[in-house]
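Student: Okay, predicted coordinates and the sequence, questions at the end:
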Amino acid sequence: MAETPRILIIRTDRIGDVVLSTPVIRALRKATPHAYIGMMVRPEHRELVEGNPALNTVILYDKNGTEKGWAGNLRFARKLREHRFDTAVILHSTNRVILVSWLAGIRKRIGYARRLGWLLTDKIPYIKKEGNRHELDYNLELLRLIGIDPSAGSGQGGRELFVPVTPAQEIKVAAFLKAQGIDGAPFFVLHPGASCPSKRWPAKHFAAVGDELAKKPGTHVVVLTGPGEERHGQAVIAAMKQKAVPALGVLSLGETACLLKKARCLVSNDSGPVHLGSAVGTPVVSIFGRWGGGLSPARWGPTGPRSVALHHDIGCRPCLAHQCTIGFACLETVMEEEVLAAVEHVASS
């Protein structure tokens, strides 16, 4: 009898990156139904994959905590070796994860040859920065290195995102909405946070959009941020004339997915909730500023069928992203009226 394949998927960067990796889980399970499949993520992202029926285990890699430094990585590699994985699908090639997979004795290590490429047994040149394809498709493309056709999935050619939600999360979000006076009433979600100022549409514009949406009879507006980004949500609420419901740093990732699932539409900067929304079927309007193949909506835009990415190339060459010297003028070219029209389009389609 052939030995059961033991495959580890590795993704240890941001929220959206992990969500955009979930089609890889599905494709691997479909192609190798009897395999033992694990996924290695950061502890704060466990809710994005824990409970995914296509996974056998979730392995937590705390690169900023217990696994920080050489000693921590050596300890982690020894523990990882006990799982006896024979293949590592490294979706974001960093020095640490490549080294850890090698130290753990994983024989086949596939990934983009970005760093320590010589430690990968099977590799693709690092072309993601060109942004000719979506990050989701770059992830799936790696599977060709182990003989899997990534287009052989279901629905949208295997490109559907998936984030599990639990009954406990659903109950908590329902209670939160009821306490805020939203008990079955329609609501829109604004997410003004993002990891970089080059990705943040000004709060005054979010506020203007929120005011217009809140004028609809019986409709509410929820302003959402994750932990550490509360000030961006507070700035929007302070600038609004209409009442807004604050959900600032109080919901876990799974609870955020539940909230978005109930929303009529999400208006967000280029950030993780865009992909959470797409994963649970929420219409999304995503606002982009910076230009550049690897930074643009061509690579990072929402993938849901009822979604729009708003972006205007104002000709900056090269785009300096967070080091911009002209006040992120590209973001200012996205008009409030344009966002409202996009919301009307996706929310009613």
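Tutor: That came in fine, so what should we check first? Everything quoted here is computed from the prediction, not taken from an experiment.
Student: List phi and psi for residue 189.
Tutor: Main-chain torsions, residue 189, degrees, to the nearest 10: phi -120, psi 130.
Student: Surely it is in contact with residue 266?
Tutor: Yes - between residue 189 and residue 266 a contact is recorded at 4.7 Å, counting by Cβ atoms under 8 Å. In short, each C-beta sits where N, CA and C put it, glycine included.
Student: Pick out whichever of the two has more residues nearby.
Tutor: residue 266 (30 against 27; other Cβ atoms under 10 Å).
Student: what residues are shared contacts of residue 189 and residue 266?
Tutor: Contact criterion Cβ atoms under 8 Å, 6 or more residues apart in numbering; residues shared by residue 189 and residue 266: 260, 273.
Student: And residue 129, what's its pLDDT?
Tutor: Looking at residue 129, its pLDDT reads 89.
Student: Need the nearest residue in space to it, chain neighbours excluded.
Tutor: residue 294 (3.9 Å; Cβ to Cβ, 6 or more residues apart in numbering).
Student: Just list the residues touching the residue nearest to residue 250 when sequence neighbours are not counted, thanks.
Tutor: Leaving aside its sequence neighbours, residue 250 sits nearest to residue 176 (Cβ to Cβ, 6+ apart; 7.7 Å). Residue 176 is in contact with 247, 250-251, 255, 259, counting by Cβ under 8 Å, 6+ apart.
Student: what's the helix or strand for residue 176?
Tutor: helix 167-179 (DSSP states H and E).
Student: Ends of stretch 259-275, what's the gap?
Tutor: Using Cα to Cα, to the nearest Å, one end of stretch 259-275 lies 14 Å from the other.
Student: Any stretches of the chain with poor pLDDT?
Tutor: Along the chain, segments meeting pLDDT under 70 span 1-2, 152-157.
Student: quick one, domains of it?
Tutor: Here the domain parsing of the chain from automatic domain parsing is 6-146, 167-348.
Student: Please save the CA atoms from stretch 100-111 in CSV.
Tutor: Extracted C-alpha coordinates of stretch 100-111, given in CSV (Å, rounded to 0.1, in the frame of the first residue of the first chain):
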residue,chain,number,x,y,z
VAL,A,100,12.4,25.8,9.1
SER,A,101,10.9,23.5,6.5
TRP,A,102,14.4,22.3,5.5
LEU,A,103,15.4,21.8,9.2
ALA,A,104,12.2,19.9,9.8
GLY,A,105,13.3,17.3,7.2
ILE,A,106,10.5,18.0,4.7
ARG,A,107,11.9,16.4,1.6
LYS,A,108,10.0,18.3,-1.1
ARG,A,109,9.9,22.1,-0.6
ILE,A,110,8.2,24.1,-3.3
GLY,A,111,7.8,27.8,-3.6
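Student: in that stretch, what counts as buried?
Tutor: Buried residues in stretch 100-111, counting neighbours by 16 or more other Cβ atoms under 10 Å, are found at 100-104, 106, 108-111.
Student: Dump these into JSON lines; add distance to residue 119 and secondary structure as well.
Tutor: Below are these laid out as JSON lines (distance: Cβ to Cβ, whole Å; DSSP: H, G, I helix; E, B strand; the rest coil):
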{"residue": "100", "distance to residue 119": "10", "secondary structure": "helix"}
{"residue": "101", "distance to residue 119": "8", "secondary structure": "helix"}
{"residue": "102", "distance to residue 119": "5", "secondary structure": "helix"}
{"residue": "103", "distance to residue 119": "10", "secondary structure": "helix"}
{"residue": "104", "distance to residue 119": "12", "secondary structure": "coil"}
{"residue": "106", "distance to residue 119": "11", "secondary structure": "coil"}
{"residue": "108", "distance to residue 119": "12", "secondary structure": "strand"}
{"residue": "109", "distance to residue 119": "7", "secondary structure": "strand"}
{"residue": "110", "distance to residue 119": "11", "secondary structure": "strand"}
{"residue": "111", "distance to residue 119": "9", "secondary structure": "strand"}
